[in-house]
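[1] curious how this folds, go ahead:
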Amino acid sequence: MKKFFLLVVCAGVLVPLVWILVYKFEGTAPQVEVELPSLYLKEGYELSLNIKDTNTGLRHVRVSVMQQEREKILLEKKYPGVSFLDMFSGEKKQEDQFLIPVEARKYGMNDGEATIRIQAADQAWWGWNKGNVFYTEKKVIIDTEPPKIQVLTQSHNVERGGSGLVIYRLFEEDLKSGVMVGDNFFPGHSGMFDDKDIFAAFFALDHTQGPGTRMWVTAEDLAGNLARRGFHHYIRDHDFTSDVLNISDQFLEFKMPDFNLGEKEARFAAAPDPLLEKFLVINTALRKANVKTVLQVPSDTTNQMLWQGKFDRLPGSATRAQFGDRRTYKYKGKEVGKSIHMGIDLASTAHARVGAANSGRVIMADTVGIFGNTIIIDHGFGLASLYSHLSNMVVSSGDMVKKGDTIGNTGLTGLAGGDHLHYSMIVHNVFVNPLEWWDPNWIKNNITSKIEMVKTQSFN
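    Got it, this is the predicted structure:
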């Protein structure tokens, strides 16, 4: 009986002692996961915090933001102490999650560097019962001021379907800037001038945008502060011509075999008029996809003005279709579709030599659906020229070409019904009227005179 009593006493002493030594003196700090949306504090900034301690449980968590000697407590939470029995009952708090707003402006802090401090402790008895402590500091930047923009060019006369140039100065680095035209963004680029703070942005109105279209220069810093600056502009309207294209059986029999639409081919074969059914898909879904493809290519641009003077048109050629033509397709007198012609068709002799309209860098030389064999040349700052329906291409992507250098020959690849060159000008991701870029007076008045004005004047 005495031995049993002694064992009970020993157990009553040893078990708590083991609990103290093994459990309460474990040496692992809480696990803390911190997610900052960015290094820049701005309106709506929220810090995500996940803390976990599967051993003794959580004791305390504290989050603050500090700038110089000023500290603002963002979160402080204490958890109940853990007893011997809590080890078995599961009452201890092992993890917690927080989404903490950080509103530096309300704390009276100034723009500049600050520090977010995060501390978490567990229920262990280390450090005179302060527990194992996790501590980290995150350096952040308080930025509440929007960027400053100074527009340097004076007048901007633009036409529906036409191009323009805005030159402006920024007063801080690492900004995303450019020109907004309606909902479309045209990025600005440094590099046109020796002063790296001066940016140039070619912009455009597409064929649907006329008088009343809103335009402004925009700049956004890394903190998300956004600035807008309007600029004087005048938008001229433009009426586009309409054209009817009669689709013949001869055309369908000639062109439709050139296109393989994969799984859709079986559907065409079962249709009452398979060739017409295939043409309708090519002229709608495939056209839309191909246009998207070629308009993505000019984003591969250089911050150099590679071109000089007016752009050349195909020598000795006749115009067969204008930019912006509203086309209606008819088959046996019945309307079967519509499209907008986003270039100018130029016809010369069969397989006529095609030269680069101006100097630049080849950024596409490939076959693209309805466009057929297509070359796109980057002329710098998001300006590009496109040449399609070519019978052959003698340049490759990456080649540098000079104005007049042979790049291929006219042809009837793609959806062309006869040998010709489809020529387009593109500003960033918008087809624009090539007539402007063929006109030396337009280029002087709207592009080069602005560049020379900025080069020769100083702006405060």
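[2] can you map out the helices along this structure?
    Counting by DSSP state H, the chain has helices at residues 2-18, 86-89, 126-129, 249-255, 264-269, 274-281, 287-296, 434-437, 440-443, 449-456.
[3] what are the buried residues along stretch 31-43?
    Buried positions in stretch 31-43, judged by neighbour count with 16 or more other Cβ atoms under 10 Å: 32, 40-42. C-beta coordinates here come from the backbone N, C-alpha and C atoms, glycine included.
[4] swap in stretch 55-70?
    Residues of stretch 55-70 classed as buried under the neighbour-count rule (16+ other Cβ under 10 Å) are 55-63, 65, 67.
[5] could these be laid out in CSV, adding pLDDT and distance to Y234?
    Below are the buried residues of stretch 55-70 laid out as CSV (pLDDT from 0 to 100; distance: Cβ to Cβ, whole Å):
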residue, pLDDT, distance to Y234
N55, 89, 72
T56, 89, 73
G57, 91, 71
L58, 94, 66
R59, 94, 69
H60, 93, 65
V61, 96, 60
R62, 97, 60
V63, 96, 54
V65, 94, 49
Q67, 92, 48
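[6] among the buried residues of stretch 31-43, which ones are in strands?
    32, 40-41 (DSSP state E).
[7] tell me which of those residues has the lowest pLDDT.
    Across the set of those, L41 stands lowest in pLDDT, at 85.
[8] right, and it touches I142 too?
    Yes: with contact defined as Cβ atoms under 8 Å, L41 reaches I142; the gap is 4.8 Å.
[9] now the common contact residues for the two.
    With contacts defined as Cβ atoms under 8 Å, 6 or more residues apart in numbering, the residues shared by L41 and I142 are 104, 114.
[10] what's around S449, how many residues?
    For S449, the neighbour count with other Cβ atoms under 10 Å is 13.
[11] repeat that for G369.
    19.
[12] and E137, by the same measure?
    11.
[13] wait, what's in contact with it?
    115-118.
[14] which of the residues you listed lies closest to L412?
    Of all the contacts of E137, I116 has the smallest distance to L412: 64.7 Å, by Cβ to Cβ.
[15] beta partners for D243?
    For D243, the beta-bridge partners under DSSP bridges are R327.
[16] what's the burial count for the spatially closest residue to G382 that is not a sequence neighbour?
    Spatially, and ignoring its direct neighbours in sequence, G382 is nearest to H428 (4.2 Å; Cβ to Cβ, 6 or more residues apart in numbering). A count of nearby residues for H428, using other Cβ under 10 Å, gives 24.
[17] point out where the chain drops to low pLDDT.
    In the predicted model of the chain, residues 1-25, 82-91, 127, 458-460 satisfy pLDDT under 70.
[18] mind giving me the domain split of it?
    The chain is divided into the following domains under automatic domain parsing: 27-142, 149-238+448-456, 242-432.
[19] quick one: closest of these to N441.
    With Cβ to Cβ as the yardstick, what comes closest out of the domains of the chain is domain 242-432 (9.0 Å).
[20] and that closest one, how far from the chain's centre?
    The chain centre lies 25 Å from the centre of domain 242-432; the measure is Cα atoms, centre = their mean, to the nearest Å.
[21] with stretch 187-195 instead?
    19 Å.
[22] contacts for it?
    Outside stretch 187-195, the residues touching it (Cβ under 8 Å, 6+ apart) are 166-169, 176-179, 196-201, 217, 301, 303-305, 381-382, 428, 451, 454-455.
[23] which of the residues you listed are buried? Put it as a ChimeraX command.
    In ChimeraX syntax, the buried subset of the contacts of stretch 187-195 is picked out as below (16+ other Cβ under 10 Å):
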select :166,167,168,169,177,178,179,198,199,200,201,217,301,305,381,382,428,451,454
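[24] hmm, back to that, save the buried residues of stretch 55-70 as TSV, and put in distance to S396 too.
    Formatted as TSV, the buried residues of stretch 55-70 follow (distance: Cβ to Cβ, whole Å):
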residue	distance to S396
N55	63
T56	67
G57	66
L58	63
R59	67
H60	65
V61	60
R62	61
V63	56
V65	55
Q67	55
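[25] which parts of the stretch 151-300 of the chain are strands?
    157-159, 163-170, 176-181, 184-187, 189-190, 198-204, 215-220, 226-229, 234-236, 242-246 (DSSP state E, counting those that start in this stretch).
[26] hey, which of those strands is tucked in deepest?
    Each of these was assessed for mean neighbour count using mean count of other Cβ atoms under 10 Å. The highest is strand 198-204, with a mean of 25.
[27] packing partners for that strand?
    strand 163-170, strand 176-181, strand 184-187, strand 189-190, strand 421-427 (3 or more Cβ pairs under 8 Å, 6 or more residues apart in numbering; DSSP states H and E).
[28] mind putting these in a markdown table, distance to E95 included?
    Formatted as a markdown table, those follow (distance: least, Cβ to Cβ, whole Å):
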| stretch | distance to E95 |
| --- | --- |
| strand 163-170 | 46 |
| strand 176-181 | 38 |
| strand 184-187 | 43 |
| strand 189-190 | 48 |
| strand 421-427 | 54 |
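[29] closest one to K138 among these?
    Closest among those, using Cβ to Cβ: strand 176-181, at 24.0 Å.
[30] on that earlier part again, show me which of the ones in strands among the buried residues of stretch 31-43 is closest to H156.
    The closest of those, once distances to H156 are taken by Cβ to Cβ, is Y40, at 32.4 Å.
[31] specify the beta-bridge partners of the closest one.
    Beta-bridge partners, per DSSP bridges, of Y40: I141.
[32] let me see the contact set for K42.
    Listed by Cβ under 8 Å, 6+ apart, the contact partners of K42 are 143-144, 223-225.
[33] got it, and T284?
    G337.
[34] likewise V217?
    By Cβ under 8 Å, 6+ apart, the neighbours of V217 are 149, 151, 166, 168, 177-180, 188, 201, 228-231.
[35] could you measure from it over to Q67?
    32 Å (Cβ to Cβ, to the nearest Å).
[36] quick one on the thing from earlier: let me have the domains of the chain in TSV, extended by distance to P440.
    TSV is the format used below for these (distance: least, Cβ to Cβ, whole Å):
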stretch	distance to P440
domain 27-142	46
domain 149-238+448-456	9
domain 242-432	4
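[37] nearest to L412 among the buried residues of stretch 55-70?
    Using Cβ to Cβ, the buried residues of stretch 55-70 come closest to L412 at V65, 67.2 Å.
[38] from what I see, the closest one and T115 are in contact.
    Yes: using Cβ under 8 Å, V65 makes contact with T115 at a distance of 7.1 Å.
[39] show me whatever sits in contact with both of those two.
    Common contacts of V65 and T115 (Cβ under 8 Å, 6+ apart): V140.
[40] relative to G81, how far out is L390?
    Counting by Cβ to Cβ - L390 and G81 are separated by 81 Å.
[41] great, nothing more from me.
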